Each structure stands twice: as structure tokens, then as C-alpha cells.
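In: let me see the structure of the following:
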Amino acid sequence: MKNIFYFLLLMVFSQQCDAQSALVNKEKLFDLYQNQKYADAALYLKSIFTDSTTDQKALTQIGYCFLMAGNNVEAEKYYSKAYQLQPQSLPILFSLGSISTRRGNQQMAKKYYGEIVQIDSNNFSVYKLLANLYPSVKDSMKLVYLLKANRLNPNEADIAVDLAEVHDVSQEYEKAYHVLDVAIKADSENLVLQKAKLPLANQLKKYQEVITSGEMLLKDGDDASVIKDVAKAYYYTKKYNQAINYFSRLEKLLMQNENTLYFTSLSYRYLKNYKMAAVYARRTIEEAISPNTASYYALLGLSYEENNQFKLANAAYKKGLQFKVMPTLYYRLATLYDTKLKQTKPALNYYKLYLGSKPHAEDDHSEIKFAKERIAQLHLTD
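Out: Now for the predicted structure:
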């Protein structure tokens, strides 16, 4: 390791013969590097090379020190000076692109990386970096750069996974599967690649492959995505008991969802266990409904009510109650019938339902008091 640091220092300061370069204490600089005191190293070099220096190697070295110290502003300042002196230097362009990315300036990063492409159109690293600048898997430019990177290095796992994901979103399952298959052949023990391949194999009806590969992966420990793929493969091959066993493992991990509960219900149905099929059908429905749905209908009803659309408000409040019994919904219905629709009987009924739904004694103190008073008053008018 020590020799590597010395080699880097010699690379930086080799072929420099001006007076400033001669003042650099390489052993001191090496010691600062070795102890990762990059900010101190940058300040040390700045004390030797003035701001007006045109020494490109010194500028990049100071920029590098600031970059490693996390000072992106100063790093960009020195790399930009070096860029003016040597605009086609790949290391400088890579550094400026990296700094721009760190600072959130995606457009500048694309500019610098684009210049690298113009200089070296077969540079794998720059295509990988460019692809990462497009976060949406539906962005056409992300696909362009991933394809170029994958063509240059089809064995690179990160690019293979990202490209497969883009193909998957476009429902090009064969292409996605092939990309991962090539990378896996180069690295058969890469678990990330193997896991990414399972849902694609299911889509392509390669169910036995999913079962064999998935069960091998699960020997290293439970993984919810792998369990789900294996469970579905068993379901599609009509091995419903095995499918249920794997779906149950998801429940133990608290990783079930609407989709897995639905397949569990179907599996029980095909086994003619209609009781359990009904249980999981109900759970599927419950999972599909947001726990906040009733609150959303309460808000919708209130919006209608405030706009004097009382029939729509009434329907919204009652719809909310179909999802969850909420004291707020009963109270809104009671006051709607009482003060807006002037219908005493339903108003009285909803006030009673409100009090019976156990509203919060402290938070809803005013509403509880009002409801009790209105019940007493409405009884007197009967």
C-alpha cells in the first residue's frame, strides 16, 4: 500500500521542474495521504502553489485533496481551472462530472460526461454514470446508455440488473431474462443477479427453474421476494399445498400483500378448502383497502357539505362507514341531518350512534357535549 501512495505522488509531481514544485515535501504529503488528512494536504499544497498557478497537475492534485475531504466547492474550483488548461483530460472531466452529481447539478454532470463520450466513445464507465443520471426506468435516454454500457461489458452485474429492470417495465421479458442470463454465466454465484432473474423466469413460465433456483437461494436465508416467486411457481404448476406453505412463510415475515393473499385464497379454493379460501378472500379485500379510506370519504363529504351539495355529502359519509366505523362520520351525518336537511329522526339516530362509537373523551369533548344536548332537545320535540 505504501508503494502505491508513493507511486501516485511520483505520478503527480513527475516532470515538474518549476520552483514551486521543488518546494513540495513529498514525504510530508505522503504522510497526510496515508492518514487521510486530505483537507490538510490541500492546504499544504495551496501554501506552495498560489491561486494564479497554471500548473495543471498541481491544480488537479489540490482539487483531488478537496474532493476527498468532502469540500466540493473548492474541488470544483481547482478542477475547473485545470479544465481550462486541458479540456480533453478524461480524469478532469470525470472529476467534474462527479462533483456536479454530488452537488445535484445533473445538467452539468451530463455535459462533462458527454464530452468524455465525444473523446472516448467506448468508455464503459461514462455510460454507466450517464445512465445513473436518469432515475426513471421509463426514460428513453436511460435505456440508450444502459444498452451501450451493456454492449461494452455484458458481464457487469449492476448494468445488467438495471437494464433488465428497464426491459421488465416495458414488458420485454425475454430481453431482460437474456441480459441477466449472460451476466450470471460470467458470475454464477452472484445472488443479486439470480434474484433479479426469478420474476422474469416466472413471467416466461420457466417455473421449474424458479423453484430450483429459488430454493437454492433460500438456503442462505429467507428473502421475501424469492419466497414470493417460488410460491407463485408452485401455484402455476398446480402444487397448491407447496404454494400455501411458501405464502405462509411470507405471513410469518409480515411481508404478505394483496397479491400473495389472493393467490393463497385461490390455492385453498383449488384444494376445495372453501372455508380457508373465504378467510383469505376477506383478508385480500382488507389488504386492498387503505386504512385511511374512511377518512378520505369524511373529507370528501365535508367538502360537498361546505359547497351545499348535501345529497353528495350524505352519500360520501355513508360510503366511508362501509370501510370503517368512525365517530367523525356519525357526527357529520348527525349534524348534516340536524342542521342542513332538517330531518329529526335520522339526526337523533346518528347522534346516538356517535356517542355509542366511543369518541375520544378529551379530544372530542365539544362534539360529545353538543351531541348530548341535541339528543335531549330532539327528544323534547318528538
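In: C-alpha only now, for contacts and for neighbours.
Out: OK.
In: okay, now the domains of the protein?
Out: Using automatic domain parsing, the domains assigned to the chain come out as 1-121, 134-204, 213-288, 294-381.
In: can you put those domains in JSON lines and add distance to Lys128 and mean pLDDT?
Out: Putting the domains of the chain into JSON lines (distance: least, CA to CA, whole Å; pLDDT from 0 to 100) gives the following:
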{"stretch": "domain 1-121", "distance to Lys128": "10", "mean pLDDT": "84"}
{"stretch": "domain 134-204", "distance to Lys128": "6", "mean pLDDT": "97"}
{"stretch": "domain 213-288", "distance to Lys128": "26", "mean pLDDT": "95"}
{"stretch": "domain 294-381", "distance to Lys128": "43", "mean pLDDT": "93"}
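In: in TSV, list those domains along with distance to Tyr127 and mean neighbour count.
Out: Converted to TSV, the domains of the chain look like this (distance: least, CA to CA, whole Å; neighbours: other CA atoms under 10 Å):
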stretch	distance to Tyr127	mean neighbour count
domain 1-121	8	17
domain 134-204	5	18
domain 213-288	29	18
domain 294-381	45	17
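In: list the contacts of Tyr173.
Out: The contact partners of Tyr173, by CA atoms under 8 Å, 6 or more residues apart in numbering, come to 167, 200, 203-204.
In: and with 10 Å instead?
Out: Neighbour list for Tyr173: 164-167, 179, 197, 199-204 [criterion: CA atoms under 10 Å, 6 or more residues apart in numbering].
In: do the same with Lys352
Out: Contacts of Lys352 were listed using CA under 10 Å, 6+ apart, and they are 330-331, 334, 346, 371-372, 375.
In: and the gap between it and Lys324?
Out: Distance, Lys352 to Lys324, by CA to CA, to the nearest Å: 17 Å.
In: what do you get for Ala288?
Out: Look at Ala288 and Lys324: by CA to CA, they are 14 Å apart.
In: same check on Asp40?
Out: From Asp40 to Lys324 the distance is 63 Å (CA to CA).
In: mind jotting down where the helices sit in the stretch 1-150 of the chain?
Out: Ranges of helices within the stretch 1-150 of the chain are 2-13, 19-22, 26-34, 38-48, 56-68, 72-85, 90-102, 106-119, 124-132, 140-152, based on DSSP state H, counting those that start in this stretch.
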